[in-house]
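*Asks:* Fold the following.
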Amino acid sequence: MTIAVTGATGHLGALVVEELLGRGVDASDVVAVVRDAAKAQGLADRGVQVRVADYTDADALKAALTGVDKLLLVSGSDVGQRVPQHANVIDAAEAAGVSLIAYTSILKADTSGVSLAAEHLATEKLLADSSVPAAILRNGWYWENYAASLQQTIENGALLGSAGNGRIAAAARADYAAAAATVLLSENQGGRIYELGGDERLTYAELADVISTIAGKPIAYHDVTEAEYKQILLGAGLPEFVAEMLPSADAGIARGELDTESGDLQKLIGRSSTPVATVLG
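*Replies:* Residues are numbered from 1 along each chain as shown. Okay, the predicted model is just below:
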């Protein structure tokens, strides 16, 4: 059985490849679909099949997926362009006779008001209309999303956000990678939808308490409006789409859209999720 992973040198894709290899999948049975072969040289040296294809290149995708049995479609990073890009991958998988596509979506994609959810839901609909059976991995937030601003949070003594008292069931990126590997290595996954979230269901005030312990100093949560948060992010020099996406995600947290008690993640990985203190510490 040949398993392909798109974005195989990215943060999530690389972890999934490692999970597959770590679980005994022969390197020659793993296809790493990448944009830059040089970044995947380490995988090639280990015997992984490295195939170059961009989500925008339909012909390259068809060539890359030739002979593939199962595919993990890691959602693209070009916000606003992901639906046509994902459509190219799905069409290529269909042409190649792939037997399963597992897709990394977002938690509660069918009901979420988070700005990122629209493209994910549109992709889920493309998959539903495809002849290829699909498993939907509705990933919750990554604890790593807070790592980039962690030092600034500690220096300022404050965690900023607009999530109110909403809870976030985040997990480590490696937890989601392990779940994806389980689905790829399991049978009868077509039609499955997994709502994936971690054991810790924290408010931002509780997350601030965890960061306080890590920092060894008090960290308070300062709740601002969604509009105020956007202006703060723009003032800090973040791109417009990021300055819109993060407050939208926080508003989703406030509405409970990035929280779940499904237990799907824990069942797939056979353990509890990685604590946020471990990820950020």
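*Asks:* Which stretches in the chain count as strands?
*Replies:* Under the criterion DSSP state E, the chain carries strands at the ranges 3-6, 30-34, 49-52, 70-73, 100-106, 134-139, 158-161, 193-196, 220-223.
*Asks:* will you turn those strands into a markdown table that also has mean neighbour count and mean pLDDT?
*Replies:* Heads up, the C-betas are built off the backbone N, CA and C, glycines and all. Converted to a markdown table, the strands of the chain look like this (neighbours: other C-beta atoms under 10 Å; pLDDT from 0 to 100):
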| stretch | mean neighbour count | mean pLDDT |
| --- | --- | --- |
| strand 3-6 | 28 | 98 |
| strand 30-34 | 26 | 98 |
| strand 49-52 | 20 | 98 |
| strand 70-73 | 27 | 98 |
| strand 100-106 | 25 | 98 |
| strand 134-139 | 24 | 98 |
| strand 158-161 | 22 | 96 |
| strand 193-196 | 21 | 98 |
| strand 220-223 | 16 | 97 |
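*Asks:* Now tabulate those strands in CSV and tack on distance to L246.
*Replies:* Converted to CSV, the strands of the chain look like this (distance: least, C-beta to C-beta, whole Å):
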stretch, distance to L246
strand 3-6, 25
strand 30-34, 28
strand 49-52, 32
strand 70-73, 24
strand 100-106, 14
strand 134-139, 17
strand 158-161, 8
strand 193-196, 20
strand 220-223, 14
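*Asks:* in the stretch 51-200 of the chain, what spans have low per-residue confidence?
*Replies:* Regions of the stretch 51-200 of the chain meeting the criterion pLDDT under 70 are absent.
*Asks:* ok, 90 please
*Replies:* 77-80, 148 (pLDDT under 90).
*Asks:* where along it do the helices fall?
*Replies:* Taking DSSP state H, counting those that start in this stretch, the helices of the stretch 51-200 of the chain run over residues 58-64, 82-96, 117-129, 150-156, 173-184.
*Asks:* Can you get me a residue count around the closest residue in space to G13 that isn't next to it in sequence?
*Replies:* Spatial nearest neighbour of G13, chain neighbours left out: G7 (3.9 Å); criterion: C-beta to C-beta, 6 or more residues apart in numbering. Look at G7: counted by other C-beta atoms under 10 Å, it has 22 neighbours.
*Asks:* Phi and psi next, for G7.
*Replies:* phi 60, psi 40 (degrees, to the nearest 10).
*Asks:* how near is it to A236?
*Replies:* Going from G7 to A236 by C-beta to C-beta, to the nearest Å gives 27 Å.
*Asks:* G67 now?
*Replies:* 47 Å.
*Asks:* so what's L20 up against?
*Replies:* Neighbouring residues of L20 by C-beta atoms under 8 Å, 6 or more residues apart in numbering: I3, V5, V30, A181, L184, L185.
*Asks:* and what of A179?
*Replies:* L137, Y194, L196, D264, L265, L268, I269 are the contacts of A179 under C-beta under 8 Å, 6+ apart.
*Asks:* Need the nearest residue in space to the third one, chain neighbours excluded.
*Replies:* So that's L196. L196 sits nearest to L265 (C-beta to C-beta, 6+ apart), 4.3 Å away.
*Asks:* Roughly how far does the one you found sit from T182?
*Replies:* Separation of L265 from T182 (C-beta to C-beta): 10 Å.
*Asks:* ok, now D209?
*Replies:* D209 is 32 Å from T182, by C-beta to C-beta.
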